[in-house]
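Q: got a sequence here, can you build the structure:
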Amino acid sequence: MKIFISVGHGGSDFGTVGINGIRESDINLELCEAIGERLKINGIEYMLSRTSDVDNPRAEKLAQIEKYNPALVLDIHFNSRNGVAGGVEAYYQNKIAIGKVLAAKISSAVASCLKLRNRGAKVKLLSDGRDYFGMLRNCPCPAVLLETCFIDNANDMKNFMNNRAETFKRTSEAIVKAICSQYKIKYQDGTASSEEKGRILSTVQTGRAKFKVGDRVLINGDLYASANAEKALGSVKNGNTTVTRYSEGARHPYNTMGDLGWMDEESLTLISSSENGGEAISEVENR
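A: The predicted model follows:
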């Protein structure tokens, strides 16, 4: 699975200036770097839209996303309003169901971590029904925009900046735990052995999968119309077939001979292995 982390603002666009002169662009980057470290521990490949205080406009980010081809985009921001409003909220794309569930999980997890009000998962639309936020409106894959807390609210920032290093660590953990829960990835807290962490990361970065194109498999499980579909089309019991396609990072990454449908790793049992060098052929399907 690949995740693109859109670091809010940067360079000449510093976003909002909050309590004690904190610039949103700076604190966004610090949190995004912490999220990236936590993703790395869990063997999840990621890319930051920027790694220093430079201009990083939306058009540039969208070009990065198109090239990187992630399964998910996280757009990280801090909120501001009137110095009184407070709490955590996350926005999702109006027509992508998985985004609503993930946004709710992230908002709840971060609010609990920071001991702040959970304002919940939200959708905000233009008058024509399109998503209000440009990143959500134009992103070609599922995306969630997190407003971590209110940068102009003294209580919010007291909670966030108290023991700063520990807060960044706990907040990034909360976000990544929510992602792992959504995508059924076993969360790693960083205490796994070096050998195990290396094995996980190597698997993600090289595109290896449990089953290879050409493997003969037995199917016992649900079939889906697309690699990221929410609802199953039906199910197969004791279906003997061959893996023909693999969509890296998808919820249901495998397809088989005859295009029966997309399926989970857990639905397949290896009968005999192919001889194509041990690598799955990765493609993008129905992002």
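
Q: ok, longest strand in this protein?
A: With secondary structure taken from DSSP state E, the chain has its longest strand at strand 232-246.

Q: what's it packed up against?
A: Counting contacts by 3 or more C-beta pairs under 8 Å, 6 or more residues apart in numbering; DSSP states H and E, strand 232-246 packs against strand 216-224, strand 254-256. Bear in mind the C-beta positions are built from the backbone N, C-alpha and C, glycine included.

Q: buried stuff in the longest one?
A: By that I understand strand 216-224. For strand 216-224, a neighbour-count test (16 or more other C-beta atoms under 10 Å) marks 216, 217, 219, 221, 222, 223, 224 as buried.

Q: and stretch 176-192, by the same measure?
A: 176, 177, 178, 179, 180, 182, 183, 185, 188, 192.

Q: and that stretch, C-alpha only, in CSV?
A: The C-alpha trace of stretch 176-192 is given here as CSV (Å, rounded to 0.1, in the frame of the first residue of the first chain):
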residue,chain,number,x,y,z
VAL,A,176,-1.7,5.4,11.5
LYS,A,177,-3.6,3.0,13.8
ALA,A,178,-6.9,4.3,12.2
ILE,A,179,-5.5,3.7,8.7
CYS,A,180,-4.3,0.2,9.6
SER,A,181,-7.7,-0.6,11.1
GLN,A,182,-9.5,0.6,7.9
TYR,A,183,-7.2,-1.4,5.6
LYS,A,184,-6.9,-4.5,7.8
ILE,A,185,-3.2,-4.1,8.4
LYS,A,186,-1.7,-5.4,11.6
TYR,A,187,-0.4,-2.3,13.5
GLN,A,188,3.2,-2.4,14.5
ASP,A,189,4.2,-0.2,17.5
GLY,A,190,7.9,-0.3,16.7
THR,A,191,8.8,-3.1,19.1
ALA,A,192,9.0,-5.8,16.5
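
Q: and residue 165, what's its pLDDT?
A: Per-residue confidence (pLDDT) for residue 165: 89.

Q: that one: neighbour count?
A: Using other C-beta atoms under 10 Å, residue 165 has 9 other residues around it.

Q: show me where this protein has its helices.
A: 24-41, 58-68, 97-114, 134-138, 154-161, 164-182, 194-206 (DSSP state H).

Q: can I get those helices in CSV with distance to residue 10?
A: Putting those into CSV (distance: least, C-beta to C-beta, whole Å) gives the following:
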stretch, distance to residue 10
helix 24-41, 5
helix 58-68, 10
helix 97-114, 22
helix 134-138, 14
helix 154-161, 20
helix 164-182, 18
helix 194-206, 26
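
Q: and residue 263, which of those helices is closest to it?
A: helix 97-114 (17.3 Å; C-beta to C-beta).

Q: OK, contacts around the residue nearest to the spatial centre of the chain?
A: The C-alpha lying nearest the average C-alpha coordinate of the chain belongs to residue 72 (C-alpha atoms, centre = their mean; 4.1 Å). The neighbours of residue 72, taking C-beta atoms under 8 Å, 6 or more residues apart in numbering as the test, are 1, 2, 3, 4, 102, 141, 142, 143, 144, 179, 249.

Q: apart from its neighbours in sequence, what residue is nearest residue 27?
A: Leaving aside its sequence neighbours, residue 27 sits nearest to residue 78 (C-beta to C-beta, 6 or more residues apart in numbering; 6.1 Å).

Q: low pLDDT regions in the stretch 51-200 of the chain?
A: Scanning the stretch 51-200 of the chain with the threshold set as pLDDT under 70 gives 191-200.

Q: buried residues, stretch 114-133. List them.
A: 114, 116, 117, 118, 119, 121, 123, 131, 133.

Q: with stretch 146-157 instead?
A: In stretch 146-157, counting by 16+ other C-beta under 10 Å, buried: 146, 147, 148, 149, 150, 151, 152, 153, 155, 156, 157.

Q: what about the nearest residue to residue 60 once chain neighbours are set aside, how many residues nearby?
A: Distances taken as C-beta to C-beta, 6+ apart place residue 49 nearest to residue 60, at 7.7 Å, with adjacent residues excluded. By other C-beta under 10 Å, 24 other residues sit near residue 49.

Q: residue contacts, the nearest residue to residue 178 once chain neighbours are set aside?
A: Distance criterion C-beta to C-beta, 6+ apart; nearest residue to residue 178, sequence neighbours excluded, is residue 105 at 4.0 Å. With contact taken as C-beta under 8 Å, 6+ apart, residue 105 is in contact with 178, 181, 182.

Q: can you check residue 8 too?
A: Shown in contact with residue 8 (C-beta under 8 Å, 6+ apart): 15, 24, 25, 28, 75, 76, 77, 78.

Q: I'm done for today, thanks for sticking with me.
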